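Enquirer: What shape does this take:
(2 chains)
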2 protein chains.
Amino acid sequence: MEKLKIGIIGLGTVGSGVYKTLQNIDMVEVVKVAVRNLNKPRSVEVPKELLTDNPYEIINNPEIEVVVELIGGIEPAWEYISNSIKNGKHIVTANKELLAKKGEELFNLAEEYNRVCLYEAAIAGGIPIIMPIKTILAGNKITNIKAILNGTTNYILTKMDVDGASYEDVLKEAQALGYAETDPTGDVEGFDAAYKITTLATIAFKKRVKIENVYREGITKVRKEDMAQANEFGYKIKLIANASIDEEGNADVRVHPMLVKQDSMLAHIDYVTNAVQMTGHPIGSIVLSGPGAGEFPTASSVVGDILAIQAEKGTTDYMLPMMRCHHDSKANPVHIDDTVNKYYISITAPNAIGVIAKIGTICANKNISLESILQREVSENNTADIIVITEKCKEKLIKEVVQELDNCTVNSLIRVAE
Amino acid sequence: MEKLKIGIIGLGTVGSGVYKTLQNIDMVEVVKVAVRNLNKPRSVEVPKELLTDNPYEIINNPEIEVVVELIGGIEPAWEYISNSIKNGKHIVTANKELLAKKGEELFNLAEEYNRVCLYEAAIAGGIPIIMPIKTILAGNKITNIKAILNGTTNYILTKMDVDGASYEDVLKEAQALGYAETDPTGDVEGFDAAYKITTLATIAFKKRVKIENVYREGITKVRKEDMAQANEFGYKIKLIANASIDEEGNADVRVHPMLVKQDSMLAHIDYVTNAVQMTGHPIGSIVLSGPGAGEFPTASSVVGDILAIQAEKGTTDYMLPMMRCHHDSKANPVHIDDTVNKYYISITAPNAIGVIAKIGTICANKNISLESILQREVSENNTADIIVITEKCKEKLIKEVVQELDNCTVNSLIRVAE
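Expert: Numbering: from 1, shown residues only, chains lettered A, B, ... in the order given. Now for the predicted structure:
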């Protein structure tokens, strides 16, 4: 069988893993690897003649059939990818930000030039998710996704839970261990997970979701007291990327902390592990879990995409019909205020007497039922800590409840998964 | 796009789910459905002119491109499938027994006639596993599989654990609820799981595993006392289909009850849910879980396979390169006596005095270390209950230990997952 000739742009962690993995695979030949700095010492040995600091030696090389983009970010990645497609190359990428922000342009361009762009590694690292949705799950109408898509935040929340530690303390530790970056914003504020759920929801719902319509809230406000309280109520707190679509194509896509039941699969996804739960018909509900990042797990997905292209190389048509992305229709965005959720509310009230009655009345007036209410012992200054878990209600109404709880301090408002 | 024309043989639970699901899918046309009894009332409405009680109206129909076999068992399924392939049809099947016993013949025949046989539904029902291994995980060398592949036994073990009930009582309840058959042998003695792991290991290891070499032990001897004891030691007991392969191609494939750590993913797979944990390089370890049976989840996999064939219909070659099965080489079987495991042993000793010393000496003489040893309070007739968990040792040696524990009753010997 004829070897597939590829060029790799980017030789960081993922690029190194891909290069190393391909050493054991006969059917793929790495023709060129573009790096920023030719003289940088690396963990991977690449023959000198394969290295270049000019990506256009790949993009303009007529021999190369697939360009593997592993530099991340919007520019110059988009310039390289778009020019590669125009030069007739298939694309394999792990670039979640580019997919979320430029996905529509990218897939339209690929269709125009009759090429595919595969990106299994961009969502949930090593977990097989994109290709299963396109192939073996193709007969399903997927209506809900609940996923843990960011290892850094899941590590932090797991440590806060296990050690009873504060967000700030665990973040410092995670930074020291290399699980969190010096500027952790992209992870802890939910940007990374939002990029991933944008593309995952688009492919699963077969309707394009726009990143600007994805509600996003990070984990920085989750208190260790909330973790402890969630445990007592039979929950864990996770940063959940949640996407639902209804019959009319209204898509509610968002990333925020969420209480998940302790007996659910997602509650047991700990530390840097990722997981994707998908619900639909006829499948019911499945959970796919595994390493969401890392040199080798991510390489597994990149190499899987390369091999999918390689497998069709001998065919006359070279069409990869199941691998293509078409999203002619767009999902209608649902505003966060119009979503329906259960809520965990932690309140400190200045005066214990009558506060339960007040909360009950405010909620009753808005037709919000309460699932649980718990009053902690009154402290020496006569303030009371109260925890409420509501039944399902509109987000708009719960914001009104918070407003009307004047006199009280609302410490936390966290959505609760059904 | 041209519709794919298919015939379905068998309209039981899975067949009905497949037929119903295909009603919403444009690109596939059901040309004929073969049933045993034309007059049987059914949950699914199929136009009269589509039904036949002669499967050869499908097998010999030149218009039909794919035969979907959903009757199960060896004969007449094998007759129908082999004649369909000889007539140039692709096959989609959910027949785990046929795959395990006739897989080699089947795939050789399919290759000879340049056709594919897809069988996602045969292993772990709705969970995407076979196609991911063939496609997106293709760059991996998978070295271990630990799976819960039988819903009936997992239901029984979960209920025994949750309710503290005996195997016999839970079996009766499961039979009343329809979770276990009147003759439960195929499930509770591990045959069903053994069929599935045979095929799963073959495809994952890319070496043919023979069903005769798969060690099999059911759940009928698991006692409620073992469940309780496992919990105290931090484990759950599950019926695990376990397959490992080493560098030399020696494959250790087996089905038996196993203690799994409570903090492992498999410990949280409860009731009729199935799960497959795969470990390899570069992926690391992933767990795929979901419904292992049922009308609609199984239909999801059957329809996914049909759509994979449909997707390539327009191509000149119609080759489905990634979907084919080639297993030129065979795995070398490893006998159960030569496998290495940790063991949970429950012993009743007639005389409490000196028994711990005796057990310790027997194990020490065979170089077997003990991880835990627990002596329960001595009962009124001076017998003692002792629980031992060993470190890893050869199965042959542990059998010798059991032999040498004359005077004692060995209540249970259950392997422990690392």
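
Enquirer: I figured residue A:9 hits residue A:79, correct?
Expert: No - Residue A:9 is beyond contact range of residue A:79, at 10.8 Å (criterion: C-beta atoms under 8 Å). C-beta here means a position set from N, CA and C on the backbone, and glycine is covered the same way.

Enquirer: So which of these two has more stuff around it?
Expert: A count of neighbours by other C-beta atoms under 10 Å in any protein chain shown puts residue A:9 above the other of residue A:9 and residue A:79, at 25 against 12.

Enquirer: Run through the residues that contact that one.
Expert: Residues near residue A:9 by C-beta atoms under 8 Å, 6 or more residues apart in numbering or on different chains: A:33, A:34, A:55, A:58, A:67, A:68, A:69, A:70, A:71, A:80.

Enquirer: Tell me who's in contact with the nearest residue to it once chain neighbours are set aside.
Expert: Spatially, and ignoring its direct neighbours in sequence, residue A:9 is nearest to residue A:34 (4.5 Å; C-beta to C-beta, 6 or more residues apart in numbering or on different chains). For residue A:34, the contact set (C-beta under 8 Å, 6+ apart) comprises A:7, A:8, A:9, A:10, A:11, A:51, A:52, A:53, A:54, A:55, A:57, A:58.

Enquirer: likewise residue A:270?
Expert: A:154, A:158.

Enquirer: hang on, the earlier thing: let's see which of the contacts of residue A:9 end up in strands.
Expert: A:33, A:34, A:67, A:68, A:69 (DSSP state E).

Enquirer: picking that back up, possible to save the contacts of residue A:9 as a markdown table with pLDDT?
Expert: Below are the contacts of residue A:9 laid out as a markdown table (pLDDT from 0 to 100):
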| residue | pLDDT |
| --- | --- |
| A:33 | 98 |
| A:34 | 98 |
| A:55 | 98 |
| A:58 | 98 |
| A:67 | 98 |
| A:68 | 98 |
| A:69 | 98 |
| A:70 | 98 |
| A:71 | 97 |
| A:80 | 98 |
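
Enquirer: Please report which of the residues you listed has the highest neighbour count.
Expert: residue A:68 (31 neighbours).

Enquirer: so that one sits right up against residue A:301, yeah?
Expert: No - look at residue A:68 against residue A:301 with C-beta under 8 Å: they stay out of range, at 11.4 Å.

Enquirer: joint contacts of those two?
Expert: Common contacts of residue A:68 and residue A:301 (C-beta under 8 Å, 6+ apart): none found.

Enquirer: since we're on residue A:41, how many residues are nearby?
Expert: Applying other C-beta under 10 Å, I find that residue A:41 has 5 neighbouring residues.

Enquirer: for it, phi and psi?
Expert: According to degrees, to the nearest 10, the main-chain angles of residue A:41 amount to phi -70, psi 140.

Enquirer: Equivalent analysis for the one 4 residues further on, please.
Expert: Main-chain torsions, residue A:45, degrees, to the nearest 10: phi -90, psi 110.

Enquirer: Pull up the distance across stretch A:202-218, start to finish.
Expert: One end of stretch A:202-218 sits 22 Å from the other (C-alpha to C-alpha, to the nearest Å).
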